[in-house]
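A.B. asks: give me a model of this one.
(one chain, ligands or ions: 1)
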Amino acid sequence: VPDARVFVTRRLPGDALQGLVASCTLDIWPHPAPPDEKALREHAAPADGLLCLLTDRIDAALMDASPRLRVISNLAVGVDNIDLRAAADRGIPVGHTPDVLTDATADLTMALILAAARRLPEGIAAVSEGRWGAWSPDWLLGLELHSARLGIVGLGGIGQAVAARARAFGMEVVHSSRNGGVPLPELLHTADVVSLHCPLSAETHHLIDAGALAAMKAGAILVNTARGAIVEQSALAHALRSGQLAAAALDVTDPEPLPRDDPLLQAPNLIVLPHLGSATRRTRERMAELAAENVRAGLAGEPLPHQVQMSVQAGIRPAPEGDQCPT
Ligand code: DGY
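C.D. replies: From the prediction side, this is the model:
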């Protein structure tokens, strides 16, 4: 498609875009900050393809302002930034980057579980602030992972990869997902650590609200590497302050970035990372490759190799987050 134009909303690691240069004209957003709504609209308007990020809101109005658009390729497995139904209504396939980020995200989840369970931030702060006294039998005692129960909410590829790692640590793993496992209330009530791996959708928005947090085992740990809005953050802050939860470790928040003065950041025993789940060089390069493959196929009118199913797009099925098996 020699005269096709593709708007790429950020520079990407690796050389995946090189493969597209021969087949289309690339308009690559050159700044580290995402295009704002107006710039996104302007650059997408003449585009046949869009290679976008989770920071770009791709809604019906944007699609209508981009009449030539015939492929949307998201550099993420999660696709909650895209109005999937609007894309389906317009016959625009949506691609994403499943599987290649599964291990990186599962590793980071374990890092967060360990950091929260063994109170790493408190220990690091004590050393750097000169509060390291003599070795003491009862200082900074944490949760031992062996024999503790991990509750995984959402058993796609990432949830399964976390389960495998947790079992290697001797954890007892239970899960709750749309395809089975234990009911969510039972998981919340019995798990020492709850880790979220479900997609963000209307169904999972604020799934972990005040009621769910109150239902958790007293002194449990909450870990979220999925999407920030699955957790109601004001309720989480309350649960940390009251001691209902021993700790929470979040790689995702709502919004992102979380403003420095957000009240959540005042809560005790809270770890917040700036959305680093897939942040390894190899994974990000693979994500860029998959996203470029999706663009190439979409421009050629072929099925996308990593396409969000049209049934998902049309809202008949929920969106995937790290799902490896077709659902
Ligand atoms: C995703 O892919 O959905 C992550 O949040 C970013 O890698």
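A.B. asks: show me what the helix or strand hosting Arg296 is packed up against.
C.D. replies: Following DSSP states H and E, one finds Arg296 within helix 281-299. Contact partners of helix 281-299 among helices and strands, from 3 or more CB pairs under 8 Å, 6 or more residues apart in numbering; DSSP states H and E: helix 18-21, strand 49-52, strand 71-74, strand 94-95, helix 102-117. To be clear about C-beta, it is placed using only N, CA and C from the backbone, and glycine gets the same treatment.
A.B. asks: mean neighbour count, distance to Gly156 and mean pLDDT added to those, as TSV?
C.D. replies: TSV is the format used below for the helices and strands packed on helix 281-299 (neighbours: other CB atoms under 10 Å; distance: least, CB to CB, whole Å; pLDDT from 0 to 100):
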stretch	mean neighbour count	distance to Gly156	mean pLDDT
helix 18-21	14	28	93
strand 49-52	29	22	98
strand 71-74	29	16	98
strand 94-95	28	17	98
helix 102-117	22	9	98
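A.B. asks: tell me which of those lies nearest to the ligand.
C.D. replies: In terms of CB to the nearest ligand atom, the element of the helices and strands packed on helix 281-299 nearest to the ligand is helix 102-117, at 7.1 Å.
A.B. asks: which strands and helices sit next to the closest one?
C.D. replies: helix 157-168, strand 193-196, strand 220-224, strand 245-250, strand 270-272, helix 281-299.
A.B. asks: for the first one, what is the distance to the chain centroid?
C.D. replies: How far helix 157-168 lies from its chain's middle: 16 Å, per CA atoms, centre = their mean, to the nearest Å.
A.B. asks: assumed His206 was part of a helix.
C.D. replies: No: going by DSSP: H, G, I helix; E, B strand; the rest coil, the assignment for His206 is coil, not a helix.
A.B. asks: how far does the helix holding Arg296 sit from its chain's centre?
C.D. replies: Its chain's C-alpha centre and that of helix 281-299 lie 17 Å apart, by CA atoms, centre = their mean.
A.B. asks: any idea of the angle it forms with helix 102-117?
C.D. replies: Using axes from the mean of the first three to the mean of the last three CA atoms, to 10 degrees, the inter-axis angle of helix 281-299 relative to helix 102-117 is 140 degrees.
A.B. asks: in helix 281-299, what counts as buried?
C.D. replies: Residues of helix 281-299 classed as buried: 283-284, 286-299 (neighbour count, 16 or more other CB atoms under 10 Å).
A.B. asks: stretch 201-215 now?
C.D. replies: By 16+ other CB under 10 Å, the buried positions in stretch 201-215 come out as Ser201, Thr204, Leu207, Ile208, Asp209, Ala212, Leu213, Ala215.
A.B. asks: need those residues in CSV (columns: pLDDT and distance to the ligand).
C.D. replies: Output for the buried residues of stretch 201-215, formatted as CSV (pLDDT from 0 to 100; distance: CB to the nearest ligand atom, whole Å):
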residue, pLDDT, distance to the ligand
Ser201, 94, 13
Thr204, 96, 14
Leu207, 98, 17
Ile208, 98, 17
Asp209, 98, 22
Ala212, 98, 22
Leu213, 98, 23
Ala215, 98, 26
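A.B. asks: export these as CSV, with columns for distance to Gly181.
C.D. replies: Output for the buried residues of stretch 201-215, formatted as CSV (distance: CB to CB, whole Å):
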residue, distance to Gly181
Ser201, 18
Thr204, 15
Leu207, 14
Ile208, 16
Asp209, 20
Ala212, 16
Leu213, 20
Ala215, 16
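A.B. asks: just flag the most distant two among the residues you listed.
C.D. replies: Maximum pairwise distance in the buried residues of stretch 201-215, criterion CB to CB, is 21.0 Å, between Ser201 and Ala215.
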